[in-house]
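Undergrad: this one's sequence-less:
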């Protein structure tokens, strides 16, 4: 669960269905319905996390914390490093890179699948993931 809270996930779920229903006319048949739904869902969740980061209220799901903090730190330090990395990423990372992060670490998609979903090359996905990893590592050090 990306949002880390059941109530927030339910709210996001309702928002996704609302956007799907109201945006049905704008759906471009050139992409698959699954791609369209993934993008809407991911964007809604990222928007919510950004709102929380502005209020400094980021609560991370265990999977997000693990992806951000890595395996190098003890539990209390790991949680702090993960929160610091999440706030940094949410404030300073473009939408597409955040989508790539979510699909790679939470949806456990391959780089090829992410590239296909977002209409990018696999090399671009790889490059953005590496840039994000360097940003996360910089947050762990500081």
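TA: Now that the structure is in, tell me what you want to look at. Being a predicted model, the structure only gives us computed values, none of them experimental.
Undergrad: do you know how far the closest residue to residue 111 other than its chain neighbours is from residue 26?
TA: Closest residue to residue 111 apart from its sequence neighbours, by C-beta to C-beta, 6 or more residues apart in numbering: residue 125 at 4.6 Å. For glycine as for every other residue, the C-beta is placed from the backbone atoms N, C-alpha and C. According to C-beta to C-beta, to the nearest Å, residue 125 and residue 26 sit 26 Å apart.
Undergrad: Give me the buried positions along the helix or strand hosting residue 52.
TA: Residue 52 belongs to helix 33-54 when assigned by DSSP states H and E. Residues of helix 33-54 classed as buried: 36, 38, 40-46, 48-50, 52-53 (neighbour count, 16 or more other C-beta atoms under 10 Å).
Undergrad: Could you tell me which residues within the helix or strand where residue 18 lies count as buried?
TA: In this assignment (DSSP H and E), residue 18 forms part of helix 6-22. Buried positions in helix 6-22, judged by neighbour count with 16+ other C-beta under 10 Å: 8, 9, 12, 15, 16, 19.
Undergrad: where does the fifth one land on pLDDT?
TA: Pointing back at residue 16 there. pLDDT recorded at residue 16 is 89.
Undergrad: gap between the closest residue to it other than its chain neighbours and residue 129?
TA: Spatial nearest neighbour of residue 16, excluding adjacent residues (C-beta to C-beta, 6+ apart): residue 41 at 5.1 Å. As judged by C-beta to C-beta, residue 41 and residue 129 stand 20 Å apart.
Undergrad: Which one's more surrounded, residue 125 and residue 26?
TA: Neighbour count, other C-beta atoms under 10 Å: between residue 125 and residue 26, residue 125 has more, with 25 against 8.
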